[in-house]
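Enquirer: from the sequence below, what's the structure:
(one chain, ligands or ions: 2)
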Amino acid sequence: MVGKPNVGKSTLFSALTLVDVPIANYPFTTKSPNRGVTYLRFNCVCRELGVKDNPKNSLCVDGVRLIPIQIIDCPGIVPEAHLGRGLGLQFLDEIRQASALIVVADASGGTDLEGNVVEPGTHDPVEDVRLVEKEFTEWLLGIISRDWPRIARAAEAKQASLAGEIARVFSGLGVDKEHVDAAIMRSELDEGHPTAWRREELRRFVDELRRLSKPIIVAANKADVPTAREGIKKLVEAGYETIPCSGEAERALRMAAERGFIKYRPGDRIFTVIDSSRLNPAQKRALDALAGFMEKNGGTGVQDLIDKVYLNVLGYIPVFPVEDPVRLTDRNGNVLPDVYLLKPGSGPRDLAYKIHTELGEAYLYAINARTRLKLSSDYKLRPGDVISIVSAAKRGS
Ligand SMILES: Nc1nc2c(ncn2[C@@H]2O[C@H](COP(=O)(O)OP(=O)(O)O)[C@@H](O)[C@H]2O)c(=O)[nH]1
Ligand SMILES: [Mg+2]
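Expert: Ligands and ions are numbered 1, 2, ... in the order given. Okay, here's the model as predicted:
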């Protein structure tokens, strides 16, 4: 989660990580004040298949699978942060492995580029997003500039592969050769003559590389403020994948739910008051205002951020691997224990590798547990697939 100061990053972070459904085996090891765990929601297949599941790496609440996701709240970015202004951009090192960026903008237009409070509706939130894009790109440009003369010369003398060398410079950022090839193509640069690329062209290239390797979704935050309407429109018109949201509303709802005042699950479009006699007039008014906002916005939009960034922007495919395709269990008899997120275009073999390298190496074929039929070797996984991998080796024995 990135953005200029005062847009509501910490509020969103706090709302997203305020969860009362603890889970034991997080796949994450680092814990720090700005790292937390939130959940991606995906309709579980348990109901359709008529089974009671025993989730292991995730949770299943009322037929909705909750898949743990690590989220990082980054310090605010100010103009020229790449030159060291404000807190600089050193912290971007922390998000090297991030799959995507949630760029938080103040849709209400009530804060300037430095995060100072201004008259609502006077600042264009599109600038909030452009700021992050620009600073991130400049940061990448700074990284590659150091090695560029050497890389360009070596590639031109055919001593090294251009894409390979560039991918190596950015390897810690999750950039691969395919990203580099695509970025070269999109920026329409001459691959055979990199020593001739001017600085502006190199910048255009890393800008494309950023877009491809760290896709963004825009959190049009403070959508509860009346002036946000206009700001949201501008963000959409600028072509950004925009989710109108209110971190403050979501935080209030999750807290009220935790205290037992209301029934609300993240992502719900509405909430219900459990016992209105327990509420004082101020609490009643606050809840009424929240209900009014949610009706107009279709919920608070906060959970949508997580669901859409994974399922739409990144296009990840949730798949349920099972060892026994008939009972839908793992070796210990747990029904539909795990769900894995696979990159778009992945096949069953990719799933096997994701479960265990050995399983990938010994992979023979896969079975679709729904039909009990063997999948063709070029099958592409689909959301909600239940897959059994058949391998030559016996795992763990
Ligand atoms: N109206 C409104 N205010 C918000 C919302 N989210 C955050 N704020 C306010 O914006 C200010 C900055 O919030 P904070 O989370 O600290 O922003 P950060 O600097 O980006 O981490 C605080 O006064 C919050 O109460 C929201 O959804 N709606
Ligand atoms: Mg903050």
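
Enquirer: name the SS class of Glu48, please.
Expert: Of the three states, Glu48 takes coil under DSSP: H, G, I helix; E, B strand; the rest coil.

Enquirer: could you pull up phi and psi at it?
Expert: phi -60, psi -40 (degrees, to the nearest 10).

Enquirer: what do you get for Thr111?
Expert: When read as degrees, to the nearest 10, the backbone of Thr111 gives phi -140, psi 140.

Enquirer: number of residues surrounding Tyr379?
Expert: 17 (other CB atoms under 10 Å). From N, CA and C alone the C-beta is placed, and that goes for glycine too.

Enquirer: what separates it from ligand 2, distance-wise?
Expert: 44 Å (CB to the ion, to the nearest Å).

Enquirer: so how far is Ala152 from Pro125?
Expert: 38 Å (CB to CB, to the nearest Å).

Enquirer: swap in Arg210?
Expert: In this view, Arg210 and Ala152 are 20 Å apart by CB to CB.

Enquirer: neighbour count: these two, which is higher?
Expert: Arg210 (23 against 19).

Enquirer: let's verify the more buried one: helix, strand, or coil?
Expert: Judged by three-state DSSP, the three-state class of Arg210 is helix.

Enquirer: check Lys52 too.
Expert: Going by three-state DSSP: Lys52 is coil.

Enquirer: run a quick neighbour tally on Ser277.
Expert: Neighbour tally, Ser277, other CB under 10 Å: 5.

Enquirer: distance of it relative to Ser213?
Expert: Distance from Ser277 to Ser213, counting by CB to CB: 54 Å.

Enquirer: which helices and strands does the longest helix seen in the chain pack with?
Expert: If you go by DSSP state H, the chain has its longest helix at helix 125-156. Secondary-structure packing of helix 125-156 (3 or more CB pairs under 8 Å, 6 or more residues apart in numbering; DSSP states H and E): strand 101-106, helix 162-169, helix 199-213, strand 216-221, helix 228-237.

Enquirer: which one of those has the most crowded surroundings?
Expert: Mean neighbours per residue, mean count of other CB atoms under 10 Å, is largest over those for strand 101-106, with a mean of 29.

Enquirer: which elements pack onto that one?
Expert: helix 9-17, helix 125-156, strand 216-221, helix 228-237.

Enquirer: to Pro281, which of these lies closest?
Expert: Smallest distance to Pro281 across these (CB to CB): 24.8 Å, for helix 9-17.

Enquirer: buried sites along that closest one?
Expert: Residues 9-16 are the ones in helix 9-17 that count as buried (16 or more other CB atoms under 10 Å).

Enquirer: these also near ligand 2: which ones?
Expert: Here is what survives when the buried residues of helix 9-17 are matched to ligand 2 using CB under 5 Å from the ion: 9-10.

Enquirer: would TSV of the buried residues of helix 9-17 with distance to Asn312 and pLDDT be doable?
Expert: Shown next, in TSV, are these (distance: CB to CB, whole Å; pLDDT from 0 to 100):
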residue	distance to Asn312	pLDDT
Lys9	21	93
Ser10	25	91
Thr11	23	92
Leu12	18	94
Phe13	21	92
Ser14	24	89
Ala15	21	92
Leu16	18	93
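
Enquirer: keep only the buried residues of helix 9-17 that also lie close to ligand 1.
Expert: Contacts with ligand 1 within these, as defined by CB under 6 Å from any ligand atom: 9-11.

Enquirer: could those go into JSON lines alongside distance to Val386?
Expert: Converted to JSON lines, those look like this (distance: CB to CB, whole Å):
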{"residue": "Lys9", "distance to Val386": "37"}
{"residue": "Ser10", "distance to Val386": "39"}
{"residue": "Thr11", "distance to Val386": "38"}
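
Enquirer: out of these, who's nearest ligand 2?
Expert: Of all these, the one sitting nearest ligand 2 is Ser10; the distance, using CB to the ion, is 3.3 Å.

Enquirer: do I have it right that that closest one meets Ile72?
Expert: No. Between Ser10 and Ile72 no contact is recorded; they are 11.6 Å apart, counting by CB atoms under 8 Å.

Enquirer: next up, phi/psi of Glu250, please.
Expert: According to degrees, to the nearest 10, Glu250 has phi -60, psi -40.

Enquirer: so who does it touch?
Expert: 12, 15-16, 266, 300-303 (CB atoms under 8 Å, 6 or more residues apart in numbering).

Enquirer: can you give me the neighbour number for the closest residue to Asp106 other than its chain neighbours?
Expert: Spatial nearest neighbour of Asp106, excluding adjacent residues (CB to CB, 6 or more residues apart in numbering): Val7 at 4.5 Å. Val7: 28 surrounding residues under other CB under 10 Å.

Enquirer: kindly provide the distance from Glu230 to ligand 2.
Expert: Taking CB to the ion, one finds Glu230 at 25 Å from ligand 2.

Enquirer: hmm, I was thinking of Thr272
Expert: To ligand 2, Thr272 is 32 Å away according to CB to the ion.

Enquirer: burial count for the residue lying closest to that residue once chain neighbours are set aside?
Expert: Distances taken as CB to CB, 6+ apart put Lys263 closest to Thr272, at 4.9 Å, once the chain neighbours are dropped. A total of 13 residues lie near Lys263 under the criterion other CB under 10 Å.

Enquirer: that concludes my questions; thank you for your assistance.
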